[in-house]
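> model this:
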Amino acid sequence: MPSPRASEPRRIFAPLFTPAVLDAAPDITAYVGEVRGQVVSTAMTILMDGHVGIFNISTGPDHRGSGHGRRITEEVVARGRDAGAETAYLRSSDMALPLYLSLGFGVAEHWTYFTAR
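All right, here's what the predicted structure looks like:
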């Protein structure tokens, strides 16, 4: 059974990616990776001007380190390429950076984040 914290992203993002929203925005695609009927990873892409932006790649804590993040990233890049994208871009967490580097992404910018106390 997922922890209450694990269900929080679903509660936050579910209203944003309804069939009506996705149907109205044909350049936005939501992906769900499943293993034996259980959701293990998610991603979203926006295809625009020959580029595919990759957002919200997520693998639940119970499934990290099993290749699911790699597999969904490979899939969304391939589908973006098939749809005409010449480049792919994403913003990485520190934790996921080694994965994206191993897939051929490179670091183009460093961002500074400020948080409230």
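> what about the protein, any weak spots by pLDDT?
The model of the chain has pLDDT under 70 over residues 1-13.
> could you pull out the helices for it?
Using DSSP state H, the helices of the chain run over 4-13, 19-24, 68-82, 97-102.
> contacts only, for the nearest residue to Glu34 once chain neighbours are set aside.
For Glu34, ignoring the flanking residues on the chain, the nearest one in space by CB to CB, 6 or more residues apart in numbering is Val40 at 6.5 Å. C-beta coordinates here come from the backbone N, C-alpha and C atoms, glycine included. The neighbourhood of Val40, defined by CB atoms under 8 Å, 6 or more residues apart in numbering, consists of Gly33, Glu34, Thr59, Gly60, His63, Ser66, His68.
> how many neighbours does the fourth one have?
The reference is to Gly60. Using other CB atoms under 10 Å, Gly60 has 16 other residues around it.
> so what's Ser58 bridging to?
Thr42 (DSSP bridges).
> before we move on, the earlier item: quick one: which of the contacts of Val40 sit in strands?
Gly33, Glu34, Thr59 (DSSP state E).
> closest to Val76 out of those?
Gly33 (10.0 Å; CB to CB).
> most widely separated two among the contacts of Val40?
Most distant of the contacts of Val40, by CB to CB, are Glu34 and Ser66, 12.9 Å apart.
> list the contacts for the residue most central in space within the chain?
Geometric centre of the chain, nearest residue: Ile57, 2.2 Å, by CA atoms, centre = their mean. By CB under 8 Å, 6+ apart, Ile57 lies in contact with Ser41, Thr42, Ala43, Gly69, Ile72, Thr73, Val76, Leu90, Ala96.
> got these as a markdown table, with distance to Gly104 and neighbour count columns?
A markdown table is the format used below for those (distance: CB to CB, whole Å; neighbours: other CB atoms under 10 Å):
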| residue | distance to Gly104 | neighbour count |
| --- | --- | --- |
| Ser41 | 19 | 24 |
| Thr42 | 22 | 20 |
| Ala43 | 17 | 22 |
| Gly69 | 15 | 23 |
| Ile72 | 16 | 21 |
| Thr73 | 10 | 24 |
| Val76 | 14 | 23 |
| Leu90 | 12 | 19 |
| Ala96 | 14 | 18 |
